[in-house]
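starting from these lines, generate the structure:
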Amino acid sequence: MLTRCRLAGYGTLPAVTPLGWTAAASLLAWLWIALLRGWFWRTDVRLPAARPPHTWPSVAIIVPARDEAAVLPATLPTLLAQTYPGPARVILVDDNSTDGTGDTARATSGRLPLTVSSPGEPPADWAGKLWALRHGVELAGEVDLLLLTDADIAHQPGSLTALVSAAGDRDLVSQMARLRTRTGWEKLIVPAFVYFFAMLYPFRWSNRAGGRTAAAAGGCTLVRRAALEHAGGIAAIRGAVIDDVALARLVKRAGGRTWLGLGDRVASVRPYPDLRSLWQMVARSAYAQLRHSVLLLAGTVVALTLVFVVPPVATVLGIATGDDLALIAGVLGWLIMAATFVPMVRYYRQPTVAALLLPVTAVLYLAMTVDSARAHWMGHGTQWKGRIYQQ
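From the prediction side, this is the model:
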C-alpha cells in the first residue's frame, strides 16, 4: 500500500515507490559514470602524434603462439612485411603447439628476419604465454624496444614505424586491436567487451603519469626493454592470468610512463563464430579480474544489475504500473547508457540503434562472470588452449 503526502493547495500525491527509488539511484549512477569516470566512453584516445626519432631504436617483435596455424598465414606476413627505418626482427615462440604452428611460421618469409623457437613446457608457477614471452625476450638480446603482439593480430603497413614514433619517451605504449565483428554474436558482444574494459580501466586515467590506474592490451604492446628489466622482467608477473594489465602495472609501479588507446592499424583476425566461443573468451578471465573474491563478485552482480538492468526494467514496469518516477528515471538512465555506448558502436561500424541493446549484452556478461566463478569453485580454473590455471 502506498503512503501519501499532502502538499498545500495541491491535494495528495503518491509517495515514491521502491521501484522509483531504485530507478532514481540507477540514473544518478549513470550521471556519475558518464561525467566522472574519465570520459571512458569516448573513442578518441588514439596513438599520440610524435616526431620520428633522430636515431631509430632497435626492435624485436615477439609473437607467442600456441596452436595458431590457422591464423598465422593472415597475420605473420603483415609483421614480416613492415618497413621500419631501424633494425628490427621477428621472433615467433611456438608454445608447445600440436597443430604445426612452428612449421607454418618457418614456411613464411618477408622483409624482416624471422626466428622460430620453442621454450618447452612452462614450470608449474608460470602461465604459458608469459613463459613464451620470457623466452622471446631472452632471444631478443640487447635491443631497445620489445613489441609484444599476439599471433592473431594483423598489422597494417607502417604500423611498427607509427608505434615507435608515438612512443617518444614513454616506457610502454599499447594499442587495443580492433576485434572481428562479422557474425551476429560478434556484433552484439565485441563492442561491449571493449566498452566494459574501458569502463574498468579508463584510458585517460591509465595514461596519467603517476596515476594509480594502469592497463594495456596484450594484442599490441611496445615496451622499453630497460624499463621492463628495471621493473623485474617478465618473471615478476609469471603467474598472471590477465598478463597485459599486470605488465602495465609492473612498469608503472616502477616509475615508468605508460599509454593505452584504441588501435587504427592493428586488428584481430580470430573468429568467434558462436556464443560459446565468445562466452569462453570472456569467462576464462572474468573471475580472475575480480581477484577471485566472493565479495567483489557479489558487488559486481549488484552493480551491473543496478546500472544496466534497472533502467529498461524500470521503463517497462513504469509504463505498466503508472509509476511516473520509475518511468522517467528509467528512460533517462537507458538513454544516457546508450549515448555513452554510441561512440564504441560507431568505432565498430555498427548501426547506432544497436546501442540500445547494451542491457542485453550486460546480462550476458553478468552470466559469463558468474560462470567464471563457478568454474573456479569447481576446480576448473582459468582454461586456455588445453591448460588450466587454478589460483
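
which residues does Asp264 contact?
46-47, 178 (C-beta atoms under 8 Å, 6 or more residues apart in numbering). Quick note: C-beta positions are derived from backbone N, CA and C, even for glycine.

ignore what I typed, I meant His135.
93, 117-119.

on that earlier part again, among the contacts of Asp264, name the ones in strands.
Arg178 (DSSP state E).

so which of the contacts of Asp264 is the most crowded?
Arg178 (21 neighbours; other C-beta atoms under 10 Å).

ok, Ala29 touching Leu306?
Yes - the pair Ala29 / Leu306 is scored as a contact, 6.3 Å apart, by C-beta atoms under 8 Å.

tell me the secondary structure for the nearest residue to Thr108 once chain neighbours are set aside?
Computed as C-beta to C-beta, 6 or more residues apart in numbering, the closest residue to Thr108 that is not its neighbour in sequence is Leu76, at 4.9 Å. Secondary structure for Leu76, judged by DSSP: H, G, I helix; E, B strand; the rest coil, is helix.

what do you get for Thr55?
Classified using three-state DSSP, Thr55 is coil.

contacting residues for it?
Taking C-beta under 8 Å, 6+ apart as the test, what Thr55 contacts is Gly86.

so how many other residues sit close to Gly322?
Counted with other C-beta under 10 Å, Gly322 comes out at 10.

correction: Ala231
Neighbours around Ala231, by other C-beta under 10 Å: 22.

and what of Phe193?
Counted with other C-beta under 10 Å, Phe193 comes out at 17.

chain neighbours aside, what residue packs nearest to Leu262?
Met176 (5.4 Å).

secondary structure element holding Gly86?
Secondary structure assignment for Gly86, by DSSP states H and E: no helix or strand.

how near is the nearest residue to it once chain neighbours are set aside to Ala154?
Spatial nearest neighbour of Gly86, chain neighbours left out: Trp56 (2.8 Å); criterion: C-beta to C-beta, 6+ apart. For Trp56, the distance to Ala154 equals 23 Å [C-beta to C-beta, to the nearest Å].

all the helices of the stretch 151-300 of the chain, residue numbers only.
159-167, 184-200, 203-206, 225-231, 243-253, 275-289, 294-304 (DSSP state H, counting those that start in this stretch).

partners of the longest strand seen in the chain in the sheet?
Of all the elements of type strand in the chain, the one with the most residues (DSSP E) is strand 258-268. Strand 258-268 pairs in its sheet with strand 153-155 (antiparallel), strand 172-178 (parallel), by DSSP bridges.

stretch 19-36: how far from the chain's middle?
25 Å (C-alpha atoms, centre = their mean, to the nearest Å).

helix/strand/coil for Pro312?
helix.

so it touches Gly330, yeah?
Yes - look at Pro312 against Gly330 with C-beta under 8 Å: they come within range, at 6.9 Å.

who has more neighbours out of those two?
For Pro312 versus Gly330, the count of surrounding residues by other C-beta under 10 Å is larger for Gly330: 28 against 21.

among Trp56 and Ala154, which residue is more densely surrounded?
Ala154 (20 against 17).

residues touching that one, list them.
Taking C-beta under 8 Å, 6+ apart, one finds 74-75, 78, 266-269 in contact with Ala154.

out of those residues, flag the one nearest to Val370.
Here the nearest of the contacts of Ala154 to Val370, counting by C-beta to C-beta, is Ser268; it sits at 26.1 Å.

how near is the closest one to His155?
With C-beta to C-beta as the criterion, Ser268 and His155 are 11 Å apart.

contacts for stretch 65-81, please.
Under C-beta under 8 Å, 6+ apart, the answer for stretch 65-81 is 61, 63, 90, 92-101, 103-105, 108-112, 114, 128-129, 132, 149, 151-157, 159-160, 269-270, 385-386.

tell me which element the nearest residue to Val16 once chain neighbours are set aside falls in.
Closest residue to Val16 apart from its sequence neighbours, by C-beta to C-beta, 6+ apart: Leu325 at 5.9 Å. For Leu325, the element it lies in under DSSP H and E is helix 324-347.

and the helix or strand following that helix, which residues are buried?
Next helix or strand after helix 324-347 toward the C-terminus (DSSP H and E): helix 358-377. For helix 358-377, a neighbour-count test (16 or more other C-beta atoms under 10 Å) marks 358-359, 361-362, 364-366, 368-373, 375-376 as buried.

residue contacts, Cys220?
Cys220 touches 147-150, 153, 155, 163, 174-177, 263, 266, counting by C-beta under 8 Å, 6+ apart.

now Phe203
If you count contacts by C-beta under 8 Å, 6+ apart, then Phe203 has 38, 40, 45, 215, 260-262 around it.

ok, now Arg253?
214, 231.

is it true that Val45 touches Ala217?
No - counting by C-beta under 8 Å, Val45 sits too far from Ala217 to count as a contact (11.8 Å).

more neighbours, those two?
The neighbour count for Val45 versus Ala217, taken as other C-beta under 10 Å, is higher for Ala217 (23 against 20).

ok, that one to Tyr195 distance?
Counting by C-beta to C-beta, the gap from Ala217 to Tyr195 is 14 Å.

state the pLDDT value of the spatially closest residue to Trp185 that is not a sequence neighbour.
In space, Trp185 comes closest to Leu275 once its chain neighbours are excluded; the distance is 5.1 Å by C-beta to C-beta, 6+ apart. You'll see Leu275 listed with a pLDDT of 96.

now do the one 3 residues further on
The model reports Leu278 with a pLDDT of 95.

count the residues that sit near it.
20.

do Gly141 as well
10.

got the contact list for it?
Ala60.

count of neighbours near Arg111?
Other residues close to Arg111 by other C-beta under 10 Å number 13.

that one: helix or strand, and which one exactly?
Arg111 belongs to no helix or strand, assigned by DSSP H and E.

which residue, other than its chain neighbours, is closest to it?
In space, Arg111 is closest to Ala81, 5.7 Å off (C-beta to C-beta, 6+ apart).

kind regards, and thank you for your time.
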